[in-house]
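[1] Here is my input, please return the structure:
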Amino acid sequence: MSNETPTSAEAACRNASWPTDTSILYSSSDAFTDATVRWNAYGGPSYCAAVSPTTEEEVASIVKAANASKIPFLATGGRHHFGTTLKRLQNGLAIDLRRLDAVTVDTESSTVIVGGGANVQQVLDAVSEAGFMIPSGTCSRAGYIGAGIGAGIGYLQGTLGLVIDALISANLVTASGDLIEVSEKSNPDLFWAIRGAGTNFGIITSAVFKVNKKVNNGEVYYADISYGPDQRSAYFELIEKLNGNLPSQLGFSTTIFWNGQTNQTGILTTLIWAGPEEEALRSLAPFFDLKPVIIASKTIPATEIPKAVVMGVVEASCSTNNGVVGIHSLNVRQYSAQTYSSVYDKFDAYLKQYPDARGSVFIFEFFSTQAALSVPDDQTAYPWRDATGYMMLQFRWTGLDNPFQETANAFAREVRADLAATSGYSDLTTYVSYAYGDESLEQKFGRDKLPRLFKLKEKWDPENKFGYCNPLVASAERQ
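    As a prediction, this is how the structure comes out:
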């Protein structure tokens, strides 16, 4: 333990009546850093202390103790959330859930119990070993539950659906520190709310999900192909032709990036097909007819999607910490070749003007909606089931205090507005798990969902204890 004088916030943490078996970590220790370090340092929270509970009951006791001492808190799993609203928490308590990482598959009931700290890869591997598949996102190190309760989009969602639609029940610690069950039969109003706005209502310490029998023996066709600047118009026109015609088996992404080898702005496309390779090659022929550079084209286990996509860059990025990334995003439900070409040209000019920003990328994800739309809209709080594209504008610079962030963020907002104008929505909309933090409540949660969400927030969290990750309280958004 350091001999340094503790801050007032740290002193409050030291003086709180924590559960007997709870170890409190302070900023002077390596264990504290391990329990709090984030994938993205930009727009993040700060902590006076951290805890790493080993049971769900301990989480509940910690919340009660924090409340009694008026110490704000934030629970985390993989700590890959990148939204800037987290910076509202300063000198709080970090509740690190990673030790609650058990994943238990019940083959008879076709369900899996997932601990609140289990990551995406842990869940995919355990479920696959038992002979099943489950919806998931793409970052292997992200917490499965944390990344999923916003909706849980992914390359295979056209076949497997959204993560929230696989959720059967959850154990949740409320704002008052009670550990309760949430399901269609137990606290059904809260069950509705956590599927789409879950970070506002409690700490999910474990959850039960349904799993699916393996599709195509648990294998998918995967390809990474690259297009040059002279092919961009034809490629974007191909995407536009997929309006309303995206096959359920197909999920793909488009990454616009600075290619250091060619000294040009390039396009990398990742294709995932939930079916046999022969079928995939027939269906995806238009992508190959444009004569791209084929980097990879093969059948892989679906569990390897997070490691393979975008030439493994996603996996490498997800495995790092303390990056500085400003990510602005939006949804689309229609595709526009003209808009994408214009955005490409603007980004190309930006990267040429600012060489130090060439680590920035635009990632356009195009995922099928068939399975998501099979679930009635009123069944969950998630408002964007008809979205077929998720655009992430990832801007990088060096240093948290670098004034260049103002230039980057201003350009990001300009490009985001360009994309929103032809998105098929009347206003900017964004998947809440991808939100930057400057969006309105309507743009994140949907105008039609908000009245019910407001009532439930007042019922379950009237003091806004869970008010740091895209909070539902409008006044908090303006602070």
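[2] Report the backbone C-alpha coordinates of stretch 84-94 in CSV.
    The C-alpha trace of stretch 84-94 is given here as CSV (Å, rounded to 0.1, in the frame of the first residue of the first chain):
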residue,chain,number,x,y,z
THR,A,84,-18.4,9.4,-23.7
THR,A,85,-21.3,9.6,-21.3
LEU,A,86,-19.2,7.5,-18.9
LYS,A,87,-17.1,10.5,-18.1
ARG,A,88,-19.9,11.7,-15.9
LEU,A,89,-18.7,9.3,-13.3
GLN,A,90,-15.7,10.9,-11.5
ASN,A,91,-14.1,9.4,-8.4
GLY,A,92,-16.6,6.6,-8.3
LEU,A,93,-16.4,2.9,-7.3
ALA,A,94,-15.5,0.4,-10.1
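[3] For the stretch 351-479 of the chain, which segments count as helices?
    Using DSSP state H, counting those that start in this stretch, the helices of the stretch 351-479 of the chain run over 370-373, 404-421, 441-445, 450-460, 474-477.
[4] Give me the residues contacting the fourth one.
    Contacts of helix 450-460 from elsewhere in the structure, counted by C-beta atoms under 8 Å, 6 or more residues apart in numbering, are 174-175, 189-190, 192-193, 197, 200-202, 381, 441-442, 445, 464, 472-473. For glycine as for every other residue, the C-beta is placed from the backbone atoms N, C-alpha and C.
[5] and with 10 Å instead?
    172, 174-176, 180, 187, 189-190, 192-194, 196-197, 200-202, 378, 381, 383, 441-442, 444-446, 464, 466-467, 471-474 (C-beta atoms under 10 Å, 6 or more residues apart in numbering).
[6] Which of the helices of the stretch 351-479 of the chain has the lowest mean pLDDT?
    When these are compared on mean pLDDT, helix 474-477 scores lowest, with a mean of 46.
[7] if we can go back for a sec, most tightly packed of the helices of the stretch 351-479 of the chain?
    helix 441-445 (a mean of 21; mean count of other C-beta atoms under 10 Å).
[8] helices or strands up against that helix?
    Judged by 3 or more C-beta pairs under 10 Å, 6 or more residues apart in numbering; DSSP states H and E, helix 441-445 is in contact with helix 188-197, helix 450-460, helix 474-477.
[9] ChimeraX command for the buried members of the contacts of helix 450-460?
    Buried residues within these, by 16 or more other C-beta atoms under 10 Å, are selected in ChimeraX with:
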select :172,174,175,187,190,192,193,194,196,197,200,201,202,381,383,441,444,445,446,464,466,467,471,472,473
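[10] residue contacts, the nearest residue to residue 85 once chain neighbours are set aside?
    Nearest in space to residue 85, with sequence neighbours left out and distances taken as C-beta to C-beta, 6 or more residues apart in numbering, is residue 437 at 4.5 Å. Counting by C-beta under 10 Å, 6+ apart, residue 437 touches 43, 82-88, 326-328, 444, 469-470, 477.
[11] Repeat the analysis, applying 7 Å as the threshold.
    Neighbouring residues of residue 437 by C-beta atoms under 7 Å, 6 or more residues apart in numbering: 43, 83-85.
[12] Test my guess that residue 337 contacts residue 237.
    Yes - with contact defined as C-beta atoms under 7 Å, residue 337 counts as touching residue 237 (4.5 Å).
[13] higher neighbour count, the two?
    residue 337 (18 against 15; other C-beta atoms under 10 Å).
[14] State the pLDDT value of that one.
    98.
[15] Same check on residue 438?
    Per the predicted model, pLDDT is 97 at residue 438.
[16] circling back: of the contacts of residue 437 - the most surrounded one?
    That'd be residue 83 among these, by other C-beta under 10 Å, with 25 neighbours.
[17] Might one say that it is in contact with residue 470?
    Yes - here residue 83 lies in contact with residue 470, judged by C-beta under 7 Å, at a distance of 6.0 Å.
[18] Pull up the overlap in contacts between these two.
    With C-beta under 7 Å, 6+ apart as the test, residue 83 and residue 470 both reach residue 435.
[19] How are the helices of the stretch 1-150 of the chain distributed by residue range?
    8-15, 30-36, 56-68, 120-129, 144-148.
[20] Make a markdown table out of the ones you listed and add mean neighbour count and mean pLDDT.
    Formatted as a markdown table, the helices of the stretch 1-150 of the chain follow (neighbours: other C-beta atoms under 10 Å; pLDDT from 0 to 100):
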| stretch | mean neighbour count | mean pLDDT |
| --- | --- | --- |
| helix 8-15 | 16 | 82 |
| helix 30-36 | 16 | 94 |
| helix 56-68 | 20 | 97 |
| helix 120-129 | 21 | 98 |
| helix 144-148 | 28 | 96 |
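[21] now the ones you listed as TSV including distance to residue 291?
    Formatted as TSV, these follow (distance: least, C-beta to C-beta, whole Å):
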stretch	distance to residue 291
helix 8-15	60
helix 30-36	48
helix 56-68	55
helix 120-129	34
helix 144-148	36
